[in-house]
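1. Sequence and predicted structure below; questions after.
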Amino acid sequence: MSDHKKARAVGINHVALEVGDIEQALEFYGQFLEFSLRGKSEKMAFIDLGDQFIAMAKIDSQPRDNDRHFGLVVDDKEAVGRTLAALGIEIASDRFMDFYDPWGNRIEIVGYEGIQFSKTDGVLRGMELEGLAKTDKALQELSDKGMGPT
């Protein structure tokens with residue numbers, strides 16, 4: 001057994017997606033998400049999520065994800081669902097709002113209000129999302145871990 005201290009995981013800084021075309025990817029995601037770019041080049045784009053981001057990298061091809069996915073937290077899950085339906089994008093799960101982008105990345109849409117994931121008041125203010133509320137269940141889960149509002 002080692003005597004050295006292990007690092008503790010604190011959070012996710014970014015998620016990297018592989019896409020076939022940067023402009024097409026930004027157009028696709030822009031159909032159901034309002035976002036700002038942190039930066040962009042011919043082979044990369046960075047969608048700003050306040051203190052986090054989504055990185056998109058241009059590649060030639062990739063296999064479709066099956067179970068591998070990431071949960072994208074939004075302020076209005078139902079609005080995304082309506083937009084996906086209007087676009088004819090099939091939901092891949094009976095249990096969750098999972099779907100595939102045109103490059104095979106599996107995305108799960110998660111509503112901010114019902115999960116433990118939280119942004120600080122300062123980050124929410126900077127993202128112009130002040131007043132974004134949590135459900136009682138999510139607040140209780142946070143409180144049970146000593147992370148509830150003070």
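-> Received it, and whenever you're ready, just let me know what you need.
2. Averaged pLDDT, stretch 117-136. What do you get?
-> For stretch 117-136, mean pLDDT rounds to 91.
3. roughly how far is that stretch from the heart of the chain?
-> 15 Å (C-alpha atoms, centre = their mean, to the nearest Å).
4. got the buried residues for that stretch?
-> 118-119, 124, 127, 134 (16 or more other C-beta atoms under 10 Å). For glycine as for every other residue, the C-beta is placed from the backbone atoms N, C-alpha and C.
5. ok, how many other residues are close to the closest residue to Met44 other than its chain neighbours?
-> Nearest residue to Met44 in three dimensions, chain neighbours excluded: Ala57, at 5.7 Å (C-beta to C-beta, 6 or more residues apart in numbering). Ala57 is flanked by 13 other residues according to other C-beta atoms under 10 Å.
6. Ok, Ile91 next?
-> Neighbours of Ile91 (other C-beta under 10 Å): 15.
7. ok, back up a step: greatest separation within the buried residues of stretch 117-136: which pair is it?
-> Met127 and Lys134 (15.8 Å; C-beta to C-beta).
8. how about the helices in the protein?
-> 22-30, 77-87, 121-126, 136-144 (DSSP state H).
9. Show residues contacting the longest one.
-> Translated: helix 77-87. Residues from elsewhere that reach helix 77-87, judged by C-beta atoms under 8 Å, 6 or more residues apart in numbering: 31-33, 74, 91, 97, 99, 109-111.
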